[in-house]
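A.B. asks: 3D model of this:
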Amino acid sequence: MTAGGLNPTIVVQHLAKSDMDVHVILENAEGKDEITRRRARKLGWVAALGQLGTMVAARLLRRLADRRVEELLSRHGFDRVLPDTIPIHPVTSINAAETMDLMEQIGPGAILLVSTRLMSGKQLAGMPCPVINLHAGINPNYRGQMGGYWSLRENDAENFGATLHLVDAGTDTGGTLYEVRTRPASADFISTYPLLLTIASLDITRRSLEDALAGRLAPQTPQGPSALRFPPTLWSWIWCGLTRRIW
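C.D. replies: I've put the predicted structure just below:
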């Protein structure tokens, strides 16, 4: 299940190369206004608008990241297009009734979330199989968004990594299945960290699904301090970039 984008496309390509029977449930992406209003209710409008500014800037800077993106795709043998052999099922939301109907039709042995909105507790309870999330951060300290960025910003580069975990009612709070850590290159920044972490996590993503299909999932409770992360505000991101070279 995904809202689309380069990172889930790469995951699908990898799983297809592994001869897995993959179906893509493609939901409509949340609008920026909806996301901003939700964050404003939690964090206030100043923080929410500042985070929106960073996300807009990061999207604009993706053009600057294209050279690095193409380098990573070429090195690992991926492209930007979903395999034409993979069935794609458009839905309005992973939480819609139509999505549950699709699950009954497809009968999946495992569900993987990559770049989706949060699955509601009601929808999760009705899923016919384990639901796994690919999270671009090490739980529990880097739950939420931009986990790789925050690990660097907090002088914790050893935990620049990704987590495969079971989905529960919280935000990235489910049992950990696998973790992977890597290192960004000097050419990487906030627009390329998620891609770098996605590529690093492909093997553990496949292993997590294989475990689910074989009935051998062994989730572990993540240890350490827990923090829910959001994108940095625009002014905070720029300040950190100028003073610490963490972009």
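A.B. asks: Mind jotting down where the helices sit in this structure?
C.D. replies: Per DSSP state H, the chain has helices spanning 6-17, 32-43, 45-76, 97-106, 121-126, 147-153, 193-200, 202-214, 234-244. These are given in chain order.
A.B. asks: tell me the angle the last one makes with helix 45-76.
C.D. replies: Between the axes of helix 234-244 and helix 45-76, defined by axes from the mean of the first three to the mean of the last three C-alpha atoms, to 10 degrees, the angle is 60 degrees.
A.B. asks: Using TSV, lay out the helices of the chain together with mean neighbour count.
C.D. replies: C-betas here are computed from N, CA, C, even on glycine. TSV is the format used below for the helices of the chain (neighbours: other C-beta atoms under 10 Å):
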stretch	mean neighbour count
helix 6-17	20
helix 32-43	13
helix 45-76	15
helix 97-106	14
helix 121-126	13
helix 147-153	24
helix 193-200	22
helix 202-214	18
helix 234-244	14
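A.B. asks: what's the closest of those to residue 113?
C.D. replies: Across the helices of the chain, the minimum distance to residue 113, taken as C-beta to C-beta, is reached by helix 6-17, at 9.3 Å.
A.B. asks: how far is that closest one from where the chain is centred?
C.D. replies: Between the mean C-alpha location of helix 6-17 and the chain-wide mean there is a distance of 13 Å, by C-alpha atoms, centre = their mean, to the nearest Å.
A.B. asks: Pull out the CA atoms of that helix and give them to me as CSV.
C.D. replies: Output for helix 6-17, consisting of C-alpha atoms alone and laid out as CSV, is shown next (Å, rounded to 0.1, in the frame of the first residue of the first chain):
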residue,chain,number,x,y,z
LEU,A,6,10.0,6.9,-6.2
ASN,A,7,10.7,5.1,-2.9
PRO,A,8,7.8,2.7,-3.1
THR,A,9,8.4,2.2,-6.8
ILE,A,10,11.9,0.9,-5.9
VAL,A,11,10.5,-1.4,-3.2
VAL,A,12,8.1,-2.9,-5.7
GLN,A,13,10.8,-3.4,-8.3
HIS,A,14,12.9,-5.2,-5.7
LEU,A,15,10.1,-7.5,-4.5
ALA,A,16,9.2,-8.3,-8.1
LYS,A,17,12.8,-9.3,-8.9
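A.B. asks: Right, I'll leave it there.
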